[in-house]
Structure formats: C-alpha cells, structure tokens
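K.L.:
Provide a 3D model corresponding to the input given below.
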Amino acid sequence: MGRAVSLTLYIHPLASFCHKVMIAFYENDVPFTEVIVDLMDEGAAASHLARWPVGKIPVLYDGERKRLVPETSIIIEYVADLHGGAVPMLPVDPALRLDVRLWDRFFDLYVSQPMQKIVIDRIRPEGARDPHGVLDARGTLDTAYAMIDGQLAGRSFACGEDFSMADCAALPGLFFAGIVHPFPREAANLHAYFERLLERPSVRRTLAQARPYFSMFPYRDAMPERFLRA
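P.N.:
Okay, the predicted model is just below:
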C-alpha cells in the first residue's frame with residue numbers, strides 16, 4: 001500500500017501566486033492534495049483565517065510534520081528540501097542561488113503585485129477606484145518588462161539555461177499581466193521567453209486547471225482566445 005500524501009495545498013484556482021507553487025510541484029511530481037478556499041464563503045474564509053490569520057493563499061500544511069508553511073517561495077524551498085526532484089528549484093552554486101531568489105522576488109513584487117493592483121481596481125465600486133494607483137502599477141510593469149527583456153538576452157530562462165523557482169514565479173505573473181497590460185512589441189526576448197514557458201507540461205497542466213474559472217477573471221474580455229481553448 002502506498003504512503004499517504006501528507007501535503008495539503010490551500011489555493012484559489014485563479015490566483016497567480018497559487019499557480020507559482022503548483023508549477024513548482026508539477027515540475028517534480030510532488031504528491032499533494034489540493035483544497036480550494038472560497039474566500040467569499042463566510043465559513044471557508046473563517047477557517048482559513050484560523051489557519052493563517054493574514055488570510056493569504058496559498059498555504060501549505062504538512063500533515064506528517066504537523067507544520068503550516070505560508071508564502072510561495074518558502075513553500076517551494078520547503079518542499080524542494082523534502083522531496084527533491086529532477087528539476088532543482090534552486091541552484092547549488094551560492095551566487096546562482098541568490099540570482100534565482102532575486103528574480104523570484106522580482107517577478108512577485110514588480111509583475112504579480114502591480115498586475116493584481118490593476119485587476120482589483122476593475123472590480124471596485126464607483127467612487128472607490130484608484131486611477132493614480134493603477135497608473136503607477138502600469139508604470140511599474142513597463143519598467144519590469146524592460147528589465148526582464150534585458151535579463152533574458154542570451155538566456156533561455158530567467159537565470160540561465162536551467163528552469164528554476166524564478167521561472168515558476170514568472171509565468172503566472174506574466175500570464176495575467178500580459179492581458180491587463182500587454183508586453184511591448186519590441187520586447188522580443190520577453191515574448192519568446194513567455195512562449196517557452198507556455199510549452200512546459202507543468203505550466204500547461206496548471207493553466208488547464210485554471211481554465212474553467214477564467215470566466216471569473218475581471219479582464220476576461222481581454223483574454224486571448226488561445227488561452228480559453230482546451
């Protein structure tokens with residue numbers, strides 16, 4: 001009889017930060033149980049706040065070790081240390097490891113977060129919107145796109161020729177950011193990188209799971225048709 005799966009990942013199927021962790025897990029066939037948290041449901045929200053009072057997702061629970069692990073990069077590193085796998089999420093070389101951690105944070109802070117600012121503002125009621133904040137977020141994305149395009153010159157992935165945690169962070173942020181604030185046409189390295197990421201089985205699997213929920217995305221009207229097809 002096989003060993004019971006001890007890892008439970010609490011997610012929302014449209015959350016880019018959840019996709020980041022799922023891609024990392026799928027890259028190395030990490031066995032886990034997925035639990036969708038409906039934060040609009042009072043009971044589910046209360047349960048999640050009791051689990052992690054900050055209320056953010058994803059959160060990982062390791063039943064075997066009775067340990068709660070929040071925050072995407074920490075989750076990925078925690079599971080990489082336990083599980084390993086054919087695709088190392090962090091390089092052994094200390095300098096390269098710092099580079100991966102830097103670009104992991106870069107994609108989270110300067111792509112995913114401004115993207116979320118733009119998305120959330122669209123569903124705010126009239127009178128509560130923040131046009132100046134959205135303008136700033138779009139400016140941050142413009143800067144980020146230019147920096148990513150430069151970083152990718154001569155590289156297949158964010159930090160070299162090997163897929164890493166930085167690329168797990170890159171895809172979800174770029175996927176949704178490219179819808180709400182398209183990449184500039186001249187950013188050829190960024191465009192090519194995004195297409196390479198879309199070809200990875202881990203990414204295809206993650207997006208396939210999210211596809212039934214794309215109708216809930218506030219910028220669904222701007223989503224390219226190719227992302228809506230199975």
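K.L.:
Could you give the average pLDDT over the longest helix seen in the chain?
P.N.:
Counting residues, the longest helix found in the chain (DSSP state H) is helix 131-151. In this model, helix 131-151 has a mean pLDDT of 98.
K.L.:
And it, what's buried?
P.N.:
Of the residues in helix 131-151, 134, 137-138, 140-141, 144-145, 148-149, 151 count as buried by neighbour count, 16 or more other Cβ atoms under 10 Å. Yep, even glycine has a C-beta here, placed from its N, CA and C like the rest.
K.L.:
per-domain residue ranges of the protein.
P.N.:
Using automatic domain parsing, the domain ranges for the chain come out as 7-83, 94-200.
K.L.:
In this structure, what helix or strand scores lowest on average pLDDT?
P.N.:
Ranked by mean pLDDT, DSSP states H and E, the weakest helix or strand in the chain is helix 42-51, scoring a mean of 92.
K.L.:
buried stuff in that one?
P.N.:
His48.
K.L.:
Are there helices or strands packed against that helix, and which ones?
P.N.:
strand 59-62 (3 or more Cβ pairs under 8 Å, 6 or more residues apart in numbering; DSSP states H and E).
K.L.:
I'd like the C-alpha coordinates of the strand it packs on written as CSV, please.
P.N.:
C-alpha atoms of strand 59-62 as CSV (Å, rounded to 0.1, in the frame of the first residue of the first chain):
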residue,chain,number,x,y,z
VAL,A,59,-0.7,28.0,2.3
LEU,A,60,0.8,24.5,2.7
TYR,A,61,0.1,22.1,5.5
ASP,A,62,2.5,19.2,6.1
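K.L.:
quick one: strands adjacent to it?
P.N.:
Strand 59-62 has its sheet partners listed here by DSSP bridges as strand 7-11 (antiparallel), strand 67-70 (antiparallel).
K.L.:
export these to CSV and tack on mean pLDDT and distance to Arg229?
P.N.:
Output for the strands paired with strand 59-62, formatted as CSV (pLDDT from 0 to 100; distance: least, Cβ to Cβ, whole Å):
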stretch, mean pLDDT, distance to Arg229
strand 7-11, 97, 23
strand 67-70, 97, 34
